[in-house]
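In: what's the 3D shape of this:
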Amino acid sequence: MIKKITGAFVVLLLFVGCGKDEGVYIPNVLVNFQITEAEFSIKADDNILLVDNQGVAGLMIIKLAPGSYVAFDRCSSVNAEQRCKVVPDDNLITATDPCSGAKFLLLDGSPQKAPAVRYLKVYRTSVGSGGRINVSN
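Out: Numbering: from 1, shown residues only. The predicted model follows:
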């Protein structure tokens, strides 16, 4: 009986102990960015606004519908320590990590093509009075 318990314990340790670390997560940094919907309309290309000097590798704010926005950190979740900035694809549905070739869906940041396995880092968005878009964490 003790041999069976010991054997089961060893097998369990092998499964738990052999898991590979999936890499570095995107760090948490303070984000508190605001822009009016009018400014967004002027500065955005095809309803996607890229903002430098915010977040880890910049922000990507996407207008999904009137008054509805989603925002991601541009830092790819693949090898996050490299700080590769994802770039929106011409189809405006996905973004690509130019360092690894990974792809992410711009509706929710979900991984769409290997080697991506983690979502892009998403930030809270809201539209306040006067049509001010707020992006924060």
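In: and the helices in this protein?
Out: 2-17, 37-43 (DSSP state H).
In: so for the protein, the centremost residue is which one?
Out: Centre of the chain computed as the mean C-alpha position; nearest residue by Cα atoms, centre = their mean is Leu120, 1.4 Å away.
In: re earlier: least reliable of the helices of the chain going by mean pLDDT?
Out: Lowest mean pLDDT within the helices of the chain: helix 2-17, a mean of 39.
In: let me know the pLDDT of Tyr25.
Out: 88.
In: re the thing from before, verify the stated contact: the residue nearest to the centre of the chain with Val78.
Out: No. The pair formed by Leu120 and Val78 falls short of the contact definition of Cβ atoms under 8 Å, at 10.1 Å. Where C-beta positions appear, they are placed from N, C-alpha and C, glycine not excepted.
In: what about Val122, distance to Gly130?
Out: 24 Å (Cβ to Cβ, to the nearest Å).
In: quick one, which of these two is more surrounded?
Out: Per other Cβ atoms under 10 Å, whichever of Val122 and Gly130 has more neighbours is Val122, with 13 against 8.
In: which residues touch the more buried one?
Out: Listed by Cβ atoms under 8 Å, 6 or more residues apart in numbering, the contact partners of Val122 are 70-72, 108-109.
In: can you tell me how far it is from Asp90?
Out: According to Cβ to Cβ, Val122 stands 23 Å off from Asp90.
In: any low-confidence regions in this protein?
Out: By pLDDT under 70, the weakly predicted segments of the chain are 1-24.
In: any chance you could map the strands in it?
Out: Along the chain, counting by DSSP state E, strands occupy 32-36, 48-51, 59-65, 68-73, 87-88, 94-96, 103-105, 111-113, 122-127, 132-136.
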